[in-house]
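*Asks:* sequence and computational prediction follow.
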Amino acid sequence: MSKSGQARVPTREQQSHLFQVIREHRHPEKNTAIMQISFKLGLRAQEIALLQVKEVAKLNPSGNDFKLLEIMSLPAAYTKGADAMKRSKSHYQRKTISFDIESFDKVVQQIEALAKSGADINPENFYPPVKQHKGKSRDLPMVDQDLRNALAQHLSLRLSKGEILKPSSPLFVTQKGGPYSPNTLQEHMALMLRDWAGIEKASSHSGRRSLITDVIHKQKKSVKIAQKIAGHVNPSTTLIYEEPPEEVVEDALKNLG
């Protein structure tokens with residue numbers, strides 16, 4: 001089972017059901033491609049929202065035909081915390097702070113001095129600076145055939161409607177014709193997983209967690225490989241995915257003596 005607050009990892013049966021029900025709703029080509037990228041490449045919702053056509057396909061000069069690339073090169077600016085293209089409306093709200101002992105002692109001394117002088121004390125003046133995430137680029141081979149089929153069908157449909165694509169065109173657009181914001185795509189992916197497919201506690205991160213869990217537990221690949229796929233700077237972040245898949249836990253509980 002996933003830890004509290006973490007996105008649920010869907011079983012194989014739940015994943016199959018998800019892609020089946022997507023076909024029963026509007027815009028199945030687009031939605032299938034979005035979720036294939038999530039489950040087969042492990043991209044975050046923000047990264048999917050920021051994808052441009054040039055990341056998955058090479059267009060001909062007229063922009064009315066394409067050839068899928070073998071490798072997706074994901075720019076560092078797309079990755080977590082980078083807020084690329086300023087499409088996310090979310091604002092960072094600080095919930096915790098940490099100090100090393102030496103810095104903490106200095107802060108205490110400063111507060112003592114201010115208190116003795118009768119000066120007003122604002123706690124925020126003593127917070128350490130926020131560490132900014134610079135993002136991490138990564139190359140991801142697009143070898144899964146279901147993924148390639150979904151991307152090809154999605155792009156072919158857009159072209160069949162008379163759209164002239166550019167390399168910088170958003171890979172996915174909303175019903176209004178504009179690019180997704182990361183927040184909007186997160187909500188849309190959660191809608192498909194929870195409401196359409198009925199997967200409780202799933203979120204836009206479920207496909208990503210599913211892929212990394214599969215790489216570590218079922219394929220028995222090294223954490224280093226999983227880290228590279230996920231684009232984690234620190235391997236300790238990847239180790240969070242080392243919890244057993246839900247079906248393994250369920251199987252253990254079914255076979256109690």
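*Replies:* On my side now, so go ahead. The structure presented is a predicted model; accordingly, all values stated were derived computationally and were not measured.
*Asks:* from now on I want contacts and neighbour counts done on CA atoms only, so please keep to that.
*Replies:* Fine.
*Asks:* the residue lying closest to Q46 once chain neighbours are set aside: how many residues sit nearby?
*Replies:* Spatial nearest neighbour of Q46, excluding adjacent residues (C-alpha to C-alpha, 6 or more residues apart in numbering): P182 at 4.5 Å. Other residues near P182 come to 23 when the count uses other C-alpha atoms under 10 Å.
*Asks:* can you check the pLDDT for P182?
*Replies:* pLDDT for P182: 92.
*Asks:* where does the prediction get shaky in this protein?
*Replies:* 1-5, 80-94, 130-136, 242-249, 252, 255, 257 (pLDDT under 70).
*Asks:* which residue ranges of it form strands?
*Replies:* Here the chain has its strands, by DSSP state E, at 57-59, 66-68, 71-74, 138-141.
*Asks:* N149 is nearest to which of these?
*Replies:* strand 66-68 (9.8 Å; C-alpha to C-alpha).
*Asks:* sheet partners, orientation included, of the closest one?
*Replies:* strand 57-59 (antiparallel) (DSSP bridges).
*Asks:* quick one on the thing from earlier: in this structure the residue nearest to Q46 contacts L43, no?
*Replies:* No. With contact taken as C-alpha atoms under 8 Å, P182 and L43 are classed as non-touching, separated by 11.9 Å.
*Asks:* closest to G178 out of the strands of the chain?
*Replies:* Using C-alpha to C-alpha, these put strand 57-59 closest to G178, at 19.6 Å.
*Asks:* just the buried residues of the closest one, please?
*Replies:* Applying a neighbour-count criterion of 16 or more other C-alpha atoms under 10 Å, one finds A57, K58, L59 buried in strand 57-59.
*Asks:* cool, stretch 160-169 as well?
*Replies:* L165, K166, P167.
*Asks:* just give me the residue right at the centre of this structure.
*Replies:* Nearest to the geometric centre of the chain sits R44, at 0.9 Å (C-alpha atoms, centre = their mean).
*Asks:* any idea how far the nearest residue to R8 once chain neighbours are set aside lies from F39?
*Replies:* Spatial nearest neighbour of R8, chain neighbours left out: A202 (4.7 Å); criterion: C-alpha to C-alpha, 6+ apart. Distance from A202 to F39, counting by C-alpha to C-alpha, to the nearest Å: 13 Å.
*Asks:* enumerate every residue touching the residue nearest to P75 when sequence neighbours are not counted.
*Replies:* If the residues on either side of it in the chain are set aside, P75 comes closest to S137, at 4.8 Å by C-alpha to C-alpha, 6+ apart. Contact partners of S137, counting by C-alpha atoms under 8 Å, 6 or more residues apart in numbering, are S73, L74, P75, A76, A77, T79, G231.
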